[in-house]
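**Q** Below: sequence and its predicted model.
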Amino acid sequence: MVIMSESAGSVAFFGKPLLSQLRSLHSDDLEEERFRDQIMKQLEEKAFSVQEAYEILKEHFRAAKQNNPIKESVLAEWVSEVGSDACDDDSKQTRDEKLWKVATWLFQ
């Protein structure tokens, strides 16, 4: 679980750092790690609400069933951590709901 504190317009994460927490969920694939780090850096620097996190996630993952196995793997791991089903649906609405759940999970 990630606990956040908002003060003076910034967000601080307490406990196990978010980046380390999500890094522990991945395989040893360097490309996956770089992609995951890129998104997490963007989230940590720019997402100060669930909505902002959701917008960043949409930017990277919204296309239904992308042809990018790295993106699909990262998203499947995060969705699994949240407790939703795997991302094998082609429905944009379903995918958007999953992205919202991941964004919400990041701020719990």
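**A** Received it, and whenever you're ready, just let me know what you need. Numbers count the residues shown, from 1 in each chain.

**Q** Could you identify the longest helix within this structure?
**A** Ranked by residue count under DSSP state H, the longest helix found in the chain is helix 30-46.

**Q** which residues are in contact with the helix or strand following that helix?
**A** Following helix 30-46 in sequence order, the next helix or strand is helix 50-61 (DSSP states H and E). Helix 50-61 has contacts (C-beta atoms under 8 Å, 6 or more residues apart in numbering) with 39, 42-43, 46-47, 71, 75, 95-96, 99-100, 102-104, 106-107. Quick note: C-beta positions are derived from backbone N, CA and C, even for glycine.

**Q** Go ahead and report the secondary structure state at N67.
**A** Secondary structure of N67, reduced to three states by DSSP: H, G, I helix; E, B strand; the rest coil: coil.

**Q** Give me the neighbour count for it.
**A** Close neighbours of N67, defined as other C-beta atoms under 10 Å, add up to 7.

**Q** what's the answer for G83, then?
**A** Neighbour count of G83, defined by other C-beta under 10 Å: 8.

**Q** Buried among the contacts of helix 50-61? Need that as a selection in PyMOL.
**A** Buried residues within the contacts of helix 50-61, as defined by 16 or more other C-beta atoms under 10 Å, are selected in PyMOL through the command that follows:
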select buried, resi 39+43+47+71+75+95+96+99+100+102+103+106+107
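
**Q** Out of the contacts of helix 50-61, which is nearest to V82?
**A** V82 has its nearest neighbour among the contacts of helix 50-61 in V102, at 5.5 Å by C-beta to C-beta.

**Q** Skipping adjacent residues, who's closest to the closest one in space?
**A** Once its chain neighbours are removed from consideration, V102 has its nearest residue in W78; the separation is 5.0 Å (C-beta to C-beta, 6 or more residues apart in numbering).
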